[in-house]
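sequence and predicted structure below; questions after.
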Amino acid sequence: MSSERLDEVARGGVPDWLPFSKIKLYTNAFVRQDGKLLLGYKKRGFGKDLYNGFGGKVEPGETPAQAALRELEEESGIAAPLEHCGVLFFVLPDLEQAFHIDIFRAEEYSGAITESDEMRPQWFDIEPAYATPNAKPAAADGSPKEHNTGLPPIPYDQMWADDPFWLPLMLAGRHFAGRADFGSDGRLQKWWFGAKPV
Ligand SMILES: Nc1[nH]c(=O)nc2c1ncn2[C@H]1C[C@H](O)[C@@H](COP(=O)(O)OP(=O)(O)OP(=O)(O)O)O1
């Protein structure tokens, strides 16, 4: 992504980025189908009680793409033709390791969605604006598109604080990158997200 061709979608916070000494590779995978997005409710560990995509650490000898497929299957029981769509970098004040997270998405899947020890999968309605990649926010006559899945909307208030910045980019089919530094209160302290123009 060259800088002159990037849409910056957010910027802010304190003047300095946090220091870090190690980087750990993670994955996060999102499956959508028919205007619905599959998220998992994290039952334990890091990010407990938040909804998120399915993912985890990249193990030694694995590529991020292989790890993404393995984690999706382990945590939700399904397989999907995942495509890479973004990279996120997170720094937390009390952790020496920074998170480098490759984000993947798919529009179809196979297998039976199954709850795991770690995640409880659940479908959510995708905002009408992002029901299909490159969809327009309103119908041709300007009227808003109807929600028709009967499902709850994406629960941004029960997700990581950075998610509202980049999840809509992913749902709009855009490639993105971003960094967020968190404060010890769990709030965003400094952040930047950028996406390729449509
Ligand atoms: N700020 C953030 N916003 C976000 O949307 N996802 C985040 C995030 N910080 C971490 N994640 C994701 C990355 C990854 O999918 C997940 C962390 O993975 P896990 O908790 O599954 O890691 P574990 O250390 O348990 O690894 P595994 O044992 O390999 O599953 O949370």
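Structure received.

would you map the helices across this protein?
Here the chain has its helices, by DSSP state H, at 64-76, 163-171.

closest to residue 178 out of the ones you listed?
For residue 178, the closest of those is helix 163-171, at 5.5 Å, according to CB to CB. Placement of C-beta: from N, CA and C, glycine included.

which bits of the chain sit near the ligand?
Residues of the chain found near the ligand, taking CB under 6 Å from any ligand atom as the criterion, are 26-28, 45-47, 52, 55-57, 90, 99, 101, 160, 162-163.

excluding chain neighbours, what is closest to the residue positioned nearest the centre of the chain?
Nearest to the centroid of the C-alpha atoms of the chain, with distances taken as CA atoms, centre = their mean, sits residue 167, at 5.3 Å. Sequence neighbours aside, residue 154 is the residue nearest to residue 167 in space, at 7.0 Å (criterion: CB to CB, 6 or more residues apart in numbering).

who touches the one you found in this structure?
37, 39, 124-127, 167 (CB atoms under 8 Å, 6 or more residues apart in numbering).

show me where the protein has its strands.
In chain order, the chain shows strands spanning 7-13, 22-33, 36-42, 51-52, 83-91, 97-106, 119-125, 176-182, 188-195, with DSSP state E as the criterion.

turn those strands into a markdown table, columns for distance to residue 68.
A markdown table is the format used below for the strands of the chain (distance: least, CB to CB, whole Å):
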| stretch | distance to residue 68 |
| --- | --- |
| strand 7-13 | 23 |
| strand 22-33 | 4 |
| strand 36-42 | 14 |
| strand 51-52 | 13 |
| strand 83-91 | 8 |
| strand 97-106 | 5 |
| strand 119-125 | 14 |
| strand 176-182 | 16 |
| strand 188-195 | 20 |
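
now render these as JSON lines, adding distance to residue 77, mean neighbour count and mean pLDDT.
Converted to JSON lines, these look like this (distance: least, CB to CB, whole Å; neighbours: other CB atoms under 10 Å; pLDDT from 0 to 100):
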{"stretch": "strand 7-13", "distance to residue 77": "33", "mean neighbour count": "13", "mean pLDDT": "88"}
{"stretch": "strand 22-33", "distance to residue 77": "11", "mean neighbour count": "19", "mean pLDDT": "97"}
{"stretch": "strand 36-42", "distance to residue 77": "11", "mean neighbour count": "21", "mean pLDDT": "97"}
{"stretch": "strand 51-52", "distance to residue 77": "16", "mean neighbour count": "22", "mean pLDDT": "98"}
{"stretch": "strand 83-91", "distance to residue 77": "20", "mean neighbour count": "19", "mean pLDDT": "98"}
{"stretch": "strand 97-106", "distance to residue 77": "14", "mean neighbour count": "21", "mean pLDDT": "97"}
{"stretch": "strand 119-125", "distance to residue 77": "8", "mean neighbour count": "18", "mean pLDDT": "96"}
{"stretch": "strand 176-182", "distance to residue 77": "28", "mean neighbour count": "22", "mean pLDDT": "96"}
{"stretch": "strand 188-195", "distance to residue 77": "31", "mean neighbour count": "20", "mean pLDDT": "94"}
